[in-house]
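Dropping a prediction and its sequence here:
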Amino acid sequence: MFGKQTDKHGSNHVTDHYLAALARQHGLALATFDEPLSRAFPDEPALVELVL
């Protein structure tokens, strides 16, 4: 039960998606340096903004 993590994305993935959902709920955008995260919501391109 508490052995190796089987989810390939891990807790960072959960946290990223939670923050994106929180931004959505408040009508905001999430700024990130994480390029894959910036592409994770193709139906909502303004939700996650990539900071270069």
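Thanks, I have the structure now.

dump the residue contacts of the closest residue to residue 41 other than its chain neighbours.
Sequence neighbours aside, residue 47 is the residue nearest to residue 41 in space, at 4.9 Å (criterion: CB to CB, 6 or more residues apart in numbering). The C-beta positions use only the backbone N, C-alpha and C, and glycine is treated the same way. Neighbour list for residue 47: 20, 23-24, 29-30, 41 [criterion: CB atoms under 8 Å, 6 or more residues apart in numbering].

Residue 47 and residue 32, how far apart?
11 Å (CB to CB, to the nearest Å).

Kindly report the same for residue 13.
Distance from residue 13 to residue 32, by CB to CB: 13 Å.

When these two are compared, which one has more neighbours?
residue 32 (17 against 14; other CB atoms under 10 Å).

What residues are bridge-paired with the more buried one?
residue 50 (DSSP bridges).

what's near enough to touch it?
16, 38, 48-51.

cool, and residue 37?
The contact partners of residue 37, by CB under 8 Å, 6+ apart, come to 16, 20, 48.
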